[in-house]
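[1] A predicted structure for the sequence below; I have some questions about it.
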Amino acid sequence: MDQQTSVITRAEECGIKVHIGSLIGEELKRQRRPAAWLAQEICCDRTNVYKILRKGSIDTELLCRISVALDHDFFVEFQSACGFRRTPSVTPATSASNASVNTLH
């Protein structure tokens, strides 16, 4: 992908569009990993990885598997493109106190 092409663009008819295949390809390149490596990590054929890299959108379960394999949260790209701010994570202490509120006595 050349420098002038953006993987996140604003399309008039549908808002913000993220080309996920390009983002995955850029991360593979950044990590200097071949498509064959990703194919092995997500249990598919190398040719399927090339198809994924050409797609503008993919299934969220597949994106999750790719995120884990590359140790990169691609979902953050969507949050950022849509203007969402990242909220603080729930801490274990907060989670434990919420769990005790929700239990039946």
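    Happy to help now that I have it.
[2] helix/strand/coil for Lys17?
    strand (DSSP: H, G, I helix; E, B strand; the rest coil).
[3] That one bridge partners, please.
    Here Lys17 sits in beta bridges with Thr9, going by DSSP bridges.
[4] Helices of this structure, residue ranges please.
    Along the chain, the segments classed as helices by DSSP state H run 20-30, 35-41, 46-54, 60-70, 75-81, 92-102.
[5] so what secondary structure elements neighbour the fifth one?
    So that's helix 75-81. Packing contacts for helix 75-81, counted by 3 or more C-beta pairs under 8 Å, 6 or more residues apart in numbering; DSSP states H and E, involve strand 15-18, helix 60-70. (Each C-beta comes from the backbone N, C-alpha and C, glycine too.)
[6] Low-confidence stretches in the protein?
    Scanning the chain for pLDDT under 70 picks out 1-16, 86-105.
[7] one more time with 90, if that's ok
    1-18, 76-105 (pLDDT under 90).
[8] if we can go back for a sec, redo the helices and strands packed on helix 75-81 as TSV? Include distance to Arg30 and mean neighbour count.
    Shown next, in TSV, are those (distance: least, C-beta to C-beta, whole Å; neighbours: other C-beta atoms under 10 Å):
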stretch	distance to Arg30	mean neighbour count
strand 15-18	17	14
helix 60-70	9	16
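[9] looking at these, which is closest to Phe78?
    Nearest of those to Phe78, taken as C-beta to C-beta: strand 15-18 at 5.7 Å.
[10] now Ser22: how far from Gly56?
    Using C-beta to C-beta, to the nearest Å, Ser22 is found at 8 Å from Gly56.
[11] Those two: which has the busier surroundings?
    Neighbours around Ser22 and Gly56, counted as other C-beta atoms under 10 Å, are more numerous at Ser22. The numbers are 18 against 11.
[12] so who does Ile24 touch?
    Ile24 sits next to Leu38, Ile52, Leu53, Ile66, Leu70, Phe74 when contact means C-beta atoms under 8 Å, 6 or more residues apart in numbering.
[13] Tell me the one of those nearest Lys17?
    Nearest member of the contacts of Ile24 to Lys17, counting by C-beta to C-beta, is Phe74, at 14.5 Å.
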